[in-house]
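Peer 1: Give me the fold of what follows.
(one chain, ligands or ions: 1)
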Amino acid sequence: MRSIEDHDLFPSTPGKVKIERTNMLNRQFYRCFASTSTMFVWALFLIALTASYLSFQSFVDPKNRHYPISWGGLNWEKQVRTSAQIRESRQRGMSVLVTGAAGFVGSHVSLALKKRGDGVVGLDNFNDYYDPSLKRARKSLLNENGIFVVEGDINDARLLAKLFDVVAFSHVMHLAAQAGVRYAMKNPGSYIHSNIAGLVTLLETCKAAVPQPSFVWASSSSVYGLNEKVPFSESDQTDQPASLYAATKKSGEEITHTYNHIYGLSVTGLRFFTVYGPWGRPDMAYFSFTRNILQGKPITVYRGKNRADLARDFTFIDDIVKGCLGSLDTSGKSTGTGGKKRGPAPYRIFNLGNTSPVTVPTLVSILERHLKVKAKKNFVDMPGNGDVPFTHANISLARSELGYKPSTDLQTGLKKFVKWYLSYYGYHHNGKSVN
Ligand SMILES: O=C(O)[C@H]1O[C@H](OP(=O)(O)OP(=O)(O)OC[C@H]2O[C@@H](n3ccc(=O)[nH]c3=O)[C@H](O)[C@@H]2O)[C@H](O)[C@@H](O)[C@@H]1O
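Peer 2: Got it, this is the predicted structure:
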């Protein structure tokens, strides 16, 4: 039986005064307090358990997630329908849902589709991975050209179902993603959210749609990882990714394959090689170098083993757009209906590169020439953060199947980028006028 000497159960530190517990009232108070605090701890524990269960549920089942509803209503539906309409004069046109439409590649592809008369509806969550005002500006451009951009997340299954209720999209051009190779070390969860969970939510919608759309999406040259065989061919091994970003893109290729295999979804995966150009992504080297050079700030140029220059198969946006449109045009139909496969459907993967790699120091010197400003270069050994030393695309497959033929070299493409950059951000940087 526990007695008043129970206090011995509590460890006491030598030298500390023990609490005298002779007073009955005091004892009851302590017991009462002890039981209240135990209950309190249990209550906290239960709340934490429930919270983790709910967040786990929402992680595994996107339908349970709550997204703010900023869509819906008759007017919204009308805007979606109008935007998806194919121009009457366009023969065999398509109605395309473009995810990531306010992004770099997404905005260019949307405009190109609309220009030739296809119906386009954009979807974008306008996240703040980089300056959302640039995404808003791209959106305005799309609006001016008759493209409606829905604000929403690819993980929002209800929104996706609604979009397919309103429009029987013939194609999905899936470009929404968490991009960037090195950022994956800072925010790994965002790659799982967009590139894995979001992809699956979108595929679930496509598989269930009647008719099923053809699915074209952005993979990445980064799937080649530590591959040393050059140039990189689609049949090369891609099981040694160097970053979590690359791993999620590679997983995307495997995941889309299962939807093709089980549900008859027509799938085309495009391995983009370091895409650059006007309206580009501020997190990419050519963009941030330009900003820093103009502001008189130093730039960090990474170097590989034995001080070897890093190289990329930089690919101009207009060439990528042609590759995307060629992929949509040749995608072939999905065969499934009501979630059931009715026959084999195409599953394709293509490199979309420029097939002439350029070193990073050469990129910098081209920028210096176009900007007429010398860069302050700090050469640093490439940190172990997911980067790869070089990329080089073999594009013969895309050439024969898509008619893909890149025609812009880095010198010309960067000239166009710099022209856009100066007109968008203004000619005055670091107190100087550049023209
Ligand atoms: O091709 C691809 O698949 C990938 O291309 C780019 O990734 P990356 O090639 O690393 O492009 P940048 O971040 O613009 O880097 C280009 C080169 O500049 C180097 N770099 C980058 C940043 C920097 O401060 N200094 C520097 O020397 C990098 O090491 C790399 O060699 C994109 O950011 C990815 O989203 C895309 O998937």
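Peer 1: how close does Pro213 sit to the ligand?
Peer 2: 24 Å (CB to the nearest ligand atom, to the nearest Å). The way it works is simple: take the backbone N, C-alpha and C, and place the C-beta from them, glycine included.
Peer 1: which parts of the stretch 251-400 of the chain sit against the ligand?
Peer 2: Residues of the stretch 251-400 of the chain lying near the ligand by CB under 6 Å from any ligand atom: 272-274, 284-285, 300-302, 310, 312, 360, 387.
Peer 1: Just the buried residues of these.
Peer 2: With burial judged by 16 or more other CB atoms under 10 Å, the buried subset of those is 272-274, 284-285, 301-302, 310, 312, 360.
Peer 1: still on that earlier bit, kindly indicate which of the residues of the stretch 251-400 of the chain next to the ligand lies nearest Val373.
Peer 2: Val301 (15.7 Å; CB to CB).
Peer 1: which residues does the closest one bridge with?
Peer 2: Phe379 (DSSP bridges).
Peer 1: okay but it is in contact with Phe379, surely?
Peer 2: Yes: here Val301 reaches Phe379: they are 5.3 Å apart, a contact under CB atoms under 8 Å.
Peer 1: before we move on, back to that, from the buried ones among the residues of the stretch 251-400 of the chain next to the ligand, which land in strands?
Peer 2: 272, 301-302, 312 (DSSP state E).
Peer 1: burial count for Asn260?
Peer 2: When neighbours are counted by other CB atoms under 10 Å, Asn260 registers 25.
Peer 1: Could you double-check that it lies in contact with Ser266?
Peer 2: Yes: using CB under 8 Å, Asn260 is in contact with Ser266, at 7.3 Å.
Peer 1: quick one: common contacting residues for those two?
Peer 2: With contacts defined as CB atoms under 8 Å, 6 or more residues apart in numbering, the residues shared by Asn260 and Ser266 are 345-347.
Peer 1: Just give me the closest of these to Ala398.
Peer 2: Distances from Ala398 to these, taken as CB to CB, are shortest for Pro346 (14.4 Å).
Peer 1: burial count for the closest one?
Peer 2: Counted with other CB under 10 Å, the neighbours of Pro346 add up to 16.
Peer 1: Met382 too?
Peer 2: Using other CB under 10 Å, Met382 is surrounded by 16 other residues.
Peer 1: Find the nearest non-adjacent residue to it, please.
Peer 2: Sequence neighbours aside, Tyr302 is the residue nearest to Met382 in space, at 4.2 Å (criterion: CB to CB, 6 or more residues apart in numbering).
Peer 1: what sits against that neighbour?
Peer 2: Tyr302 touches 310, 360, 379-383, 387, counting by CB under 8 Å, 6+ apart.
Peer 1: do Leu363 as well
Peer 2: Per CB under 8 Å, 6+ apart, neighbours of Leu363: 285-286, 289, 312, 314, 410, 414.
Peer 1: List the buried residues for the helix or strand it falls within?
Peer 2: Assignment of secondary structure by DSSP states H and E places Leu363 within helix 360-371. Judged by neighbour count using 16+ other CB under 10 Å, the buried positions of helix 360-371 are 360-361, 363-364, 366-367, 370-371.
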